[in-house]
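[1] coordinates only, sequence not included:
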């Protein structure tokens, strides 16, 4: 059974940092790209970042470029990280990690990030 478990969210002041983790299990982790999405109250879910397999090519939304860094640990931890620096109030949202496998989308339960100004 595929499982994605996010952690690391919390309340932080503007300008601060958080590191989110997405622990994955139930599939061959090395074979799949993993993405981070977020959803703010009253808004649609949006893509934030993703990381490929192999060389670990990365993608960032324009709104987080230069502030967020995605990485993955393909060893025993099977975890994807999202380092978030210089946080802004507009980064406040529930953050989800995502796996697209065959025709299915898998999501974690999400972790709340709240940035106070």
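    Cool, got the structure. Everything numeric in this text was worked out from a predicted model, so none of it was measured.

[2] Just the element for the residue nearest the centre of the chain, please.
    Taking C-alpha atoms, centre = their mean, the centroid of the chain lies closest to residue 36, which sits 3.1 Å from it. Residue 36 belongs to strand 34-39 when assigned by DSSP states H and E.

[3] Please name the strands paired to whatever helix or strand comes next after that strand in the sheet, noting orientation.
    Once strand 34-39 ends, the next helix or strand along the chain (criterion: DSSP H and E) is strand 46-51. Strand partners for strand 46-51, identified by DSSP bridges, are recorded as strand 34-39 (antiparallel), strand 58-60 (antiparallel).

[4] quick one: buried residues of the first one?
    Judged by neighbour count using 16 or more other C-beta atoms under 10 Å, the buried positions of strand 34-39 are 34-38. (C-beta placed from N, C-alpha, C; glycine too.)

[5] Now do the helices in this structure.
    Taking DSSP state H as the criterion, the chain contains no helices.

[6] No more questions from me, cheers.
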